[in-house]
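A.B. asks: Turn this into a model:
(one chain, ligands or ions: 1)
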Amino acid sequence: MVKLRKLELSDLDAVHALVSRMDVVRYMLLPVCSREESEEFLRSSILESPSEPWRSVVRAIGNFPSGDLIGLCGVVVLRGAEEGEIWYLVNPESWGKGVATDAAGQLLDVAFGELGLHRIWATCLPENPASARVLEKVGMRKEGFLVGNLKIHGAWKSSFLYAILESEPRP
Ligand SMILES: CC(C)(COP(=O)(O)OP(=O)(O)OC[C@H]1O[C@@H](n2cnc3c(N)ncnc32)[C@H](O)[C@@H]1OP(=O)(O)O)[C@@H](O)C(=O)NCCC(=O)NCCS
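C.D. replies: Next up, the predicted model:
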């Protein structure tokens with residue numbers, strides 16, 4: 001259904017169309033991005049945040065077979081660590097068709113395969129049950145509830161913590 005691929009500078013219009021929407025970033029740390037912020041996000045994604053203490057591996061979610069960019073996803077790894085955090089976002093026109101589930105499954109393949117990680121975790125807000133469902137559908141366990149750990153668009157929010165080990169079974 002979808003294929004993950006590396007981002008290119010020519011993806012700017014499609015990336016901006018996504019990250020400039022409040023309904024897309026509402027439950028995420030990302031701001032509603034101006035064109036300049038979208039370009040900065042894209043450039044730093046392509047370079048995998050070289051000046052940061054973490055490596056941010058971002059992939060375009062490409063519709064298959066057209067290749068059109070219909071979402072973004074990524075893994076953030078503290079440099080030197082063997083665990084990473086995943087995230088994803090999908091164009092609202094493509095919600096409810098299994099896109100995020102397909103992409104998150106492929107992202108786990110990248111994280112455990114190409115990146116050689118041992119543990120993957122993710123957080124999601126209680127008010128975002130679609131995301132919780134995606135994490136459950138790819139086989140992640142609910143590990144806990146983190147109180148007031150995320151400042152989302154200026155307000156402190158609590159979140160559910162999900163995780164999976166490389167050795168654990170996946171659907
Ligand atoms: C969360 C998001 C990525 C889901 O993408 P998607 O492609 O629609 O996800 P899928 O179609 O693979 O799966 C969605 C699941 O959530 C379920 N769902 C959707 N809305 C729901 C709701 N309000 N309550 C409970 N479940 C819900 C769907 O029924 C589906 O589960 P099912 O297959 O068992 O029926 C998408 O809504 C999005 O991009 N949101 C904005 C960005 C975001 O919040 N990202 C996550 C940050 S943690």
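A.B. asks: Flag every residue of the chain that's near the ligand.
C.D. replies: Within reach of the ligand by Cβ under 6 Å from any ligand atom, the chain has these residues: 24, 27-28, 87-90, 95-101, 124, 128-131, 133-134. In short, each C-beta sits where N, CA and C put it, glycine included.
A.B. asks: at 5 Å instead, please
C.D. replies: Contact residues, the chain versus the ligand (Cβ under 5 Å from any ligand atom): 24, 27, 89-90, 95-96, 98-101, 124, 129-131, 133-134.
A.B. asks: which one of the residues you listed has the most neighbours?
C.D. replies: Ranked by neighbour count (other Cβ atoms under 10 Å), the residues of the chain next to the ligand have Ala100 at the top, with 26 neighbours.
A.B. asks: tell me the contacts of that residue?
C.D. replies: Contacts for Ala100 (Cβ atoms under 8 Å, 6 or more residues apart in numbering) come out as Gly71, Cys73, Tyr88, Val90, Ala130, Ser131, Val134.
A.B. asks: now, the most widely separated pair of those?
C.D. replies: Put simply, by Cβ to Cβ the two of those set farthest apart are Cys73 and Ala130, 14.6 Å from each other.
A.B. asks: if we can go back for a sec, looking at the residues of the chain next to the ligand, which is nearest Gly144?
C.D. replies: Cys124 (12.2 Å).
A.B. asks: which residues does the closest one bridge with?
C.D. replies: Using DSSP bridges, the beta-bridge partners of Cys124 come out as Phe160.
A.B. asks: Over to Tyr88?
C.D. replies: As for beta bridges, Tyr88 partners with Cys73 under DSSP bridges.
A.B. asks: Cys73 touches Val2, doesn't it?
C.D. replies: No: contact criterion Cβ atoms under 8 Å: Cys73 and Val2 do not qualify, at 9.6 Å.
A.B. asks: hang on, the earlier thing: helices - which of the contacts of Ala100 land there?
C.D. replies: Counting by DSSP state H, the part of the contacts of Ala100 found in helices is Ala130, Ser131, Val134.
A.B. asks: The nearest residue to the last one once chain neighbours are set aside in helix, strand or coil?
C.D. replies: For Val134, the nearest residue in space outside its immediate sequence neighbours is Ala100; the separation is 4.6 Å by Cβ to Cβ, 6 or more residues apart in numbering. Under DSSP: H, G, I helix; E, B strand; the rest coil, Ala100 falls in the helix class.
A.B. asks: joint contacts of Cys73 and Val2?
C.D. replies: Ile61, Ala103.
A.B. asks: Give me the pLDDT value at the closest residue in space to Trp95 that isn't next to it in sequence.
C.D. replies: Once flanking residues are discounted, Trp95 sits nearest to Ala130: 7.3 Å by Cβ to Cβ, 6+ apart. Listed pLDDT for Ala130 reads 98.
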